[in-house]
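Asks: Predicted structure and sequence below. I'll ask about it afterward.
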Amino acid sequence: MSNKRTFISFDYDHDLDLKNLLVGQAKNPDTPFEISDFSIKEAISRDWKEKARTRIKGCDLVIVICGEATHTATGVSAELGIAQEENTPYFLLWGRSEKQCTKPVGAKSDDKVYKWTWDGLKALIAGAR
């Protein structure tokens with residue numbers, strides 16, 4: 001599988017651990033895919049939406065990690081909206097298996113939240129959605 005330039009959208013206040021798990025998982029030597037993490041790492045600035053748009057436009061894929069409070073994360077909804085406007089493929093990933101995760105407000109009603117499994121992640125990154 002070729003390297004996928006990937007923007008990871010997540011609720012920084014509640015789900016940074018999940019983003020770190022996803023990036024770490026992709027670094028395992030037996031991983032059949034690679035993720036280039038282009039998510040914004042610095043503090044939110046006035047021009048963060050422009051930075052997000054530039055990064056999302058330069059990516060092949062956006063992964064939206066959904067946690068318990070994602071519906072309240074305005075940044076995640078804004079990033080998802082940018083992905084939709086730029087026609088960048090994306091998918092929603094259920095971040096916490098034992099918790100009730102929520103979609104970002106900007107998600108479409110038919111956007112499915114996919115279970116985060118090893119085989120599922122490989123398939124989603126390959127385009128099975």
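Replies: Alright, I've got the coordinates. Predicted, not measured: the structure shown is a model, and the values here were computed from it. Residues are numbered from 1 along each chain as shown.

Asks: after the lowest-mean-pLDDT helix or strand in the chain, next one along is what?
Replies: Sorted by mean pLDDT, DSSP states H and E, the helices and strands of the chain end with strand 35-37, the least confident at a mean of 69. Following strand 35-37 in sequence order, the next helix or strand is helix 48-57 (DSSP states H and E).

Asks: Give the buried residues for that following helix.
Replies: 49, 52, 53, 55, 56 (16 or more other CB atoms under 10 Å). Using the backbone N, CA and C atoms, a C-beta is placed for each residue, glycine as well.

Asks: List the residues that contact the nearest residue to the first one once chain neighbours are set aside.
Replies: If the residues on either side of it in the chain are set aside, residue 49 comes closest to residue 78, at 6.1 Å by CB to CB, 6 or more residues apart in numbering. Each residue near residue 78 by CB atoms under 8 Å, 6 or more residues apart in numbering is listed here: 49, 52, 106.

Asks: give me the element residue 78 is part of.
Replies: Assessed by DSSP H and E, residue 78 sits inside helix 74-85.

Asks: Give me the local confidence score for the residue nearest to residue 49.
Replies: pLDDT recorded at residue 78 is 94.

Asks: what do you get for the one 10 residues further on?
Replies: pLDDT, the model's per-residue confidence, is 96 for residue 88.

Asks: Likewise for the one 10 residues further on?
Replies: Model confidence at residue 98, expressed as pLDDT, equals 92.

Asks: And residue 14, by the same measure?
Replies: In this model, residue 14 is scored at 95, pLDDT.

Asks: Contacts only, for the residue nearest to it when sequence neighbours are not counted.
Replies: Spatially, and ignoring its direct neighbours in sequence, residue 14 is nearest to residue 69 (4.8 Å; CB to CB, 6+ apart). Residue 69 makes contact with 11, 13, 14, 15, 102, according to CB under 8 Å, 6+ apart.
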